[in-house]
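Asks: Kindly generate the corresponding structure for this input.
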Amino acid sequence: MAKSEDQKKQVPLRISDALFHELSAWAKDDFRSVNGQIEYLLTECVKWRKRKDKKREETGEDPQES
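Replies: Below is the predicted model:
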């Protein structure tokens, strides 16, 4: 059986028609499905947030000030 971190969760998502079309075009440019594009973007955002939080910890910056 696969590790729980390898299993994917299904999450219903409601987005506007305009946003769907933007994501669809972007996904097509990147040779991904819309679902794959959303997963990629969310993964990149989480990575960015972790880097940002790590940098704050290293500099002692208050997260409430940003």
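
Asks: Where does the spatially most central residue of the chain sit: helix, strand or coil?
Replies: The centre of the chain sits closest to residue 42, judged by Cα atoms, centre = their mean, with a distance of 0.6 Å. Taking DSSP: H, G, I helix; E, B strand; the rest coil as the rule, one finds residue 42 in the helix state.

Asks: show me where the chain has helices.
Replies: For the chain, the helices defined by DSSP state H occupy 17-29, 34-59.

Asks: Quick one: closest of those helices to residue 10.
Replies: Nearest to residue 10, of all the helices of the chain, is helix 34-59, at 10.2 Å by Cβ to Cβ. Any C-beta I mention is one placed from the backbone N, CA and C, and that applies to glycine too.

Asks: Can you give me the buried ones in that closest one?
Replies: For helix 34-59, burial by neighbour count (16 or more other Cβ atoms under 10 Å) applies to 34, 37, 38.
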